[in-house]
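Q: show me how the following folds:
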Amino acid sequence: MRVLTAVFLTLVAFVIVTISQYYALHYTSRLIYPRHGSAYAVTLAVALLSLGHLFQGGLYAGGVWLGDHALGLGTLEPSEPDQTVTFLDHFYFSLVNFSTLGRGALTPTEGLRLITAVEAFHGFLLITSSGTYMFQISSGNAPFARDG
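A: Predicted structure coming up:
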């Protein structure tokens, strides 16, 4: 049952974060149109997409925290045995994991390994998507700009 719960939590986080990426790209385009290619457009896009990725990392942090504290799917084990793991630690872990920098001083156990593995893959995919989007903006194109 815990495996199914871990799969369900992972799928929910994956879908919500994917939807948030679409809207981050879509609304960023609407805010910068028709100034794509300008310093204003690039600066605003970097700021908004960075905030979007912080939000996405926070969503995964919430999922990992929920799996850890409410659902009993596993824990984030600190490298120091007496260390208490707070939500800020979950958020830090998720940002580091989402950006594929590594795990650092915390290690997921049991069912949390699934959500954190998917988070790393998903983060890589979404950050690459944002980088491709930024290349388009910097080149003077405006993806999503005229979508309704």
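Q: continuing past the helix ranked longest in the chain, what's the next helix or strand?
A: Under DSSP state H, the helix in the chain containing the largest number of residues is helix 2-32. Next in sequence after helix 2-32, counting helices and strands by DSSP states H and E, comes helix 39-65.
Q: report the buried residues of that following helix.
A: For helix 39-65, burial by neighbour count (16 or more other CB atoms under 10 Å) applies to 41-42, 44-45, 48-49, 52-53, 56-65. No exception for glycine: its C-beta is placed from N, CA and C like everyone else's.
Q: look up how far residue 11 lies from the nearest residue to residue 32 once chain neighbours are set aside.
A: Leaving aside its chain neighbours, residue 32 sits nearest to residue 41 (4.0 Å; criterion: CB to CB, 6 or more residues apart in numbering). The spacing between residue 41 and residue 11, counted by CB to CB, to the nearest Å, is 35 Å.
Q: thought residue 102 was touching residue 96?
A: Yes: using CB atoms under 8 Å, residue 102 is in contact with residue 96, at 6.4 Å.
Q: list the buried ones in stretch 78-93?
A: 78, 85, 89-93.
Q: ignore the last one, stretch 109-117
A: 111-112, 114-116.
Q: those residues in helices, which ones?
A: 112, 114-116.
Q: just those residues now: which is nearest residue 16?
A: residue 115 (12.4 Å; CB to CB).
Q: re earlier: show the average pLDDT along the longest helix of the chain.
A: Average pLDDT, helix 2-32: 94.
Q: since that was my last question, I'll sign off now.
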